[in-house]
Each structure stands twice: as C-alpha cells, then as structure tokens.
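*Asks:* Structural data only, the sequence is not supplied:
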C-alpha cells in the first residue's frame, strides 16, 4: 500500500495553544490549513498526495464552520489508510480562564456568558475528539516559547544527523528548565559565592573556574559526565531525537553551573558535536538569600 503524507489534526480547547502549534509547524516547513469548513475536511485529506514532500497540519476547533467532534472521529476511523494523527491541546480550567481574562477575548461558545461557562461547554463538545486523540498535551504550565519548543522537538522530521545540542546553565533558586532532557546538579561543588573576592565574578572568570576545579570531587564528576554523555548521545541519535538540552544547575546560576557548562561545551566540541551554550541566570544579581543560610567567614 502506498504510504500517504503525514497528516496531523491539531485541535483542543480554545486558548490552549492551537495557534502557537500551527505557527511553529508552519515555520518548520509544514503545510498549514486552519479552520477549514468541516464539509471540506474529507476532500482535503483525500487530496493530500502520497508523495508530498511536506507534512500537512489541519487546525480544527469549535470555531470551525459545521464543527462536529463525533463526525470528525467517524471520518478518520472510516479511512485509516490516510494515517491521520490527532493532537489534542488541553489546559486547566483556571489557566484557561486566566488566559481569557488576560486577553479580554470572548470565548467562542460564550458570547453572552462568562468565559468559565464557555470553557465548560466546550470541554463537553470536544470530549469525543479528546478521547480519540493519539497525543494529548496539557499546556497549563507552558509559555508560548515552551509550547513552540515542544512542537519543534516533537514533530521535527527525523534524519541521520546528530541531534541539535544545547548546553544550559541555570540556578535552582529560579526553577529547573522545563525542557531540559538531562539535568545535572552542581551544588555538591565548592561555592565561590562564599569567597568575598570571587562573589562578584562568574563562572566565566579564570579565578572562579580555578576555585571550582580545586574541589576534590571535580575531576571524577567531570569524567563521569563525559562517560554518561558518550553513552546517551548516540542513543538519542538512534531514536531520531532532533533536540537534546543538557542543563547544569547550581544555586544561583552564576558560578559553578556556568563554569561546568562551558567546560562540557568545549569537551563536546572536541568530540565532534556543535553545541550552543546559554547561561540562563548569568545576569542575575548575587543574593545571599538564594545561597542558603551559610555566611561567609
């Protein structure tokens, strides 16, 4: 049987991120159709050529003319040969209400009622699609940037190239990066924050780097990180993962994590990779309260 081009139906709760997903897919080279009248959906899917070079994403929601969730499910079930996948975007009631209040938009199912009423009604209307979807994503804790990155990573076309590597430093006091694949905690290393001379500096400074490297556990830890990455990165590649983010954290994200991220980034380049390095919290001000109760002598 001839294999049809990839077709992804993007649906879900209004305000959960459908527009962001479609825009990101379009920027990634997908063909995009949004809110096509339901009576034309079957024709569009059937007309998608089997040898198309680009996958197709179709946006469907309660704003779609003639929308009927059960009819959509029945149409997809009737033609399994088209290989349509369904992504359903959801979010908590409270978060959807917050987003509508923030944008002051009217909910499509509540033109004369509160957004909360519209959200509840929409959830009932969409339930057949939600139950049928083969991928369900809760975007409650996602920013637009988070959702765009998730979309790129999830729907990137697999190829034989190495994953795109990102090495990130961060401070645990400001939260763990949501999209990190590997998180390594550097808080076991001696902390330059408690040296008054080193405190204003960062992990990019040679004297700070030397202080961190003098920790008795440093060499063994770095060697174990290298061994681990040499094991994991080829496996990520074999699984077709397009993006891998390795995050190194310390308390404030200015000293230990910055140095180790730089050290590991240089090592990855020496191994033939091309990582990008980003220091999320490097520009933050030193604060004793973030470093715990310990006081400098």
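*Replies:* Thanks, I have the structure now. Remember, it's a predicted structure, so these values are computed and weren't measured experimentally.
*Asks:* max-length helix in this protein?
*Replies:* Ranked by number of residues, the top helix in the chain under DSSP state H is helix 218-238.
*Asks:* Just give me how far it sits from the chain centre.
*Replies:* 23 Å (Cα atoms, centre = their mean, to the nearest Å).
*Asks:* With stretch 62-72 instead?
*Replies:* Offset of stretch 62-72 from its chain centre (Cα atoms, centre = their mean): 28 Å.
*Asks:* now swap in stretch 182-195 and tell me
*Replies:* Worked out by Cα atoms, centre = their mean, stretch 182-195 lies 26 Å from the chain centre.
*Asks:* what's the average pLDDT for that stretch?
*Replies:* The average pLDDT for stretch 182-195 rounds to 95.
*Asks:* how long is that stretch end to end?
*Replies:* One end of stretch 182-195 sits 29 Å from the other (Cα to Cα, to the nearest Å).
*Asks:* Please verify my assumption that residue 56 contacts residue 8.
*Replies:* Yes: counting by Cβ atoms under 8 Å, residue 56 touches residue 8, with 7.2 Å between them. No exception for glycine: its C-beta is placed from N, CA and C like everyone else's.
*Asks:* Name the residues contacting each of those two.
*Replies:* residue 30 (Cβ atoms under 8 Å, 6 or more residues apart in numbering).
*Asks:* Rounded mean pLDDT for stretch 242-258, please.
*Replies:* Stretch 242-258 comes out at a mean pLDDT of 93.
*Asks:* From start to finish, how long is it in a straight line?
*Replies:* Span of stretch 242-258 from end to end, Cα to Cα: 24 Å.
*Asks:* ok, and what's touching the longest helix of the chain?
*Replies:* Under Cβ under 8 Å, 6+ apart, the answer for helix 218-238 is 162-163, 165, 181-182, 184, 188-189, 212, 244, 246, 260, 263-264, 267-268, 271, 273.
*Asks:* Write the PyMOL selection for whichever of those are buried.
*Replies:* Typed into PyMOL, the line below selects the buried ones among these, using 16 or more other Cβ atoms under 10 Å:
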select buried, resi 162+163+165+181+182+184+189+212+244+246+260+263+264+267+268+273
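*Asks:* Could you list which of the contacts of helix 218-238 belong to strands?
*Replies:* 165, 182, 184, 244, 246 (DSSP state E).
*Asks:* Between those residues, which sits nearest residue 85?
*Replies:* Within the set of these, residue 244 lies nearest residue 85; the separation is 23.6 Å, counting by Cβ to Cβ.
*Asks:* For the closest one, give the beta-bridge partners.
*Replies:* Residue 244 forms beta bridges with residue 165, as assigned by DSSP bridges.
*Asks:* ok, now how distant is it from residue 217?
*Replies:* Counting by Cβ to Cβ, to the nearest Å, the gap between residue 244 and residue 217 amounts to 25 Å.
*Asks:* Appreciated, that's everything.
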